[in-house]
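In: no sequence for this one, just the structure:
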């Protein structure tokens, strides 16, 4: 499957808003592509210099990826990325964000006052506790092991935003926006243990301050419960 902007929009057409910065380190499109399988998709890569925003009429579902950037450190491409999220929500397109994408959706719809530096960053594999009887997490009380790699976080969401999951160090690990098809997940359910380990090593090579935390993460078991496939199946079943 390759990016395509010229074909007619099929029953399901996923737009991947790829917010990665260094393709030698992090390639989120590849991670999501493996979960999408045969579902048609295309990519827009604003952080790589693309400037044209696709119309919501050209896609049925929007996935907002992670990024090596910090949501708290302004970049030129944040504004157009937020514009695309707002347009998709206004057009009632299902929207899903992971890690930085989870944070960017909040920034686009609520503003930066609901974002902060994590007091205890999560690097490695963590059990995420579900706290709502709601899709896609299904039931409260589940513990879902997923790969995490974040230094920032969402906090203090207002009424109308339902928190779906948490960890002891991150109170908003997943959310849904009211009755709208908009979800955010702080973890990376799309990243396999092998991909996660490689990503952590790459971060440690570029940031010496992260090496102790990375070493601790890599010394622990790399456990993943496969929630990515459950998540993407629910997302794609949601009608635009």
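Out: In hand now; what should we look at? Just so you know, these numbers come straight off a predicted model, no measurement behind them.

In: longest strand anywhere in the chain?
Out: Criterion DSSP state E: the longest strand present in the chain is strand 115-130.

In: and whichever helix or strand comes after it with strand 115-130, angle?
Out: From strand 115-130 onward toward the C-terminus, using DSSP states H and E, the following helix or strand is strand 143-154. Between the axes of strand 143-154 and strand 115-130, defined by axes from the mean of the first three to the mean of the last three Cα atoms, to 10 degrees, the angle is 170 degrees.

In: relative orientation of the following helix or strand past strand 143-154 and strand 115-130 in degrees?
Out: Later in the chain than strand 143-154, the nearest helix or strand by DSSP H and E is strand 161-167. Angle of strand 161-167 versus strand 115-130, following the same axes, to 10 degrees, is 70 degrees.

In: For strand 161-167, which strands pair with it and how are they oriented?
Out: Note on strand 161-167: by DSSP bridges, its sheet partners are strand 115-130 (antiparallel), strand 170-177 (antiparallel).

In: Need the winner for burial among these.
Out: Most buried of those, by mean neighbour count (mean count of other Cβ atoms under 10 Å): strand 170-177, with a mean of 22. No exception for glycine: its C-beta is placed from N, CA and C like everyone else's.

In: Run through who's touching that strand.
Out: With Cβ atoms under 8 Å, 6 or more residues apart in numbering as the test, strand 170-177 has contacts from 89, 102, 106, 109, 118, 120, 122, 128-130, 134, 137, 150, 153-155, 157, 160-167, 182-187.

In: May I see the ChimeraX selection of the buried members of those residues?
Out: Buried residues within those, by 16 or more other Cβ atoms under 10 Å, are selected in ChimeraX with:
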select :89,102,106,109,122,128,129,130,137,150,153,154,157,161,162,163,164,165,166,167,182,183,184,185,186,187
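
In: Distance check, the spatially most central residue of the chain against residue 11.
Out: Centroid check for the chain by Cα atoms, centre = their mean gives residue 98 as the closest residue, at 0.9 Å. Plainly put, residue 98 is 24 Å away from residue 11 if you go by Cβ to Cβ, to the nearest Å.
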